[in-house]
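need a 3D model of the following:
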Amino acid sequence: MKCLNCGAEIPDASRYCLSCGMEVPGKAIPQRIPDSERNMTYFVLFALAFAMFFFALIPVILGSWEDAALLVVAGIALAIIALLNVNASRRHAEKVAELQEKTAERMQKAAVEASARLKCRYCGALNDRNAPRCVNCGGTL
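As a prediction, the model looks like this:
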């Protein structure tokens with residue numbers, strides 16, 4: 001990949017150009033959803049499920065067992081949705097953490113690879129440390 005600012009070659013795992021330091025667009029690391037937002041969603045879903053179970057008592061008192069059964073089924077469905085949401089959120093958090101670890105490893109690897117190269121003083125191309133001449137312009141390193 002080429003840098004949009006200086007035209008230097010950028011390793012795929014790099015978020016910044018090694019030549020000019022400009023940030024590479026589209027290389028954002030996924031961020032975690034704050035725990036408070038996730039907890040609020042679970043709380044609302046479980047509260048709705050509890051409300052369904054509680055309000056199922058009203059049709060029972062009035063003698064309408066079908067309506068009570070419908071409210072209980074709706075409450076069970078909301079509780080299942082909340083539990084599935086908790087599980088999906090946990091898996092997402094694990095996946096984001098894994099991606100962040102992999103990105104950090106790639107960044108370290110790219111930094112090691114970049115530090116093992118010499119930059120040509122004439123054209124700025126990156127060359128192997130043992131190369132006598134620049135592969136781009138042929139200048140002496």
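
strands of this protein, start to end?
Using DSSP state E, the strands found in the chain span residues 117-119, 126-128.

let's have the ones you listed in JSON lines, adding distance to residue 57 and mean pLDDT.
For the C-beta atoms, the positions are set from N, CA and C on the backbone; glycine is no exception. Listed next are the strands of the chain as JSON lines, based on distance: least, Cβ to Cβ, whole Å; pLDDT from 0 to 100:
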{"stretch": "strand 117-119", "distance to residue 57": "73", "mean pLDDT": "79"}
{"stretch": "strand 126-128", "distance to residue 57": "73", "mean pLDDT": "82"}
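
turn those into a markdown table, columns for mean neighbour count.
Formatted as a markdown table, the strands of the chain follow (neighbours: other Cβ atoms under 10 Å):
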| stretch | mean neighbour count |
| --- | --- |
| strand 117-119 | 15 |
| strand 126-128 | 16 |
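
ok, now how distant is residue 75 from residue 62?
18 Å (Cβ to Cβ, to the nearest Å).

quick one, which of the two is more surrounded?
When neighbours are counted by other Cβ atoms under 10 Å, residue 75 comes out ahead of the other of residue 75 and residue 62, with 19 against 10.

so what's the more buried one closest to, chain neighbours aside?
Of all residues not flanking residue 75 in the chain, residue 52 sits nearest, at 3.1 Å (Cβ to Cβ, 6 or more residues apart in numbering).

so where's this structure uncertain?
Residues of the chain meeting the criterion pLDDT under 70: 26-38, 113-116.

how does it look with 90?
Of all residues in the chain, those with pLDDT under 90 make up the ranges 1-72, 74-75, 77-94, 96-97, 100, 103-132, 135-136, 138-141.

residue at max distance from the center of this protein?
residue 63 (51.6 Å; Cα atoms, centre = their mean).

need phi/psi at it.
phi 90, psi 10 (degrees, to the nearest 10).

distance to residue 8 for the strands of the chain - can I get that in JSON lines?
Putting these into JSON lines (distance: least, Cβ to Cβ, whole Å) gives the following:
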{"stretch": "strand 117-119", "distance to residue 8": "9"}
{"stretch": "strand 126-128", "distance to residue 8": "7"}
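
all good on my end, thank you.
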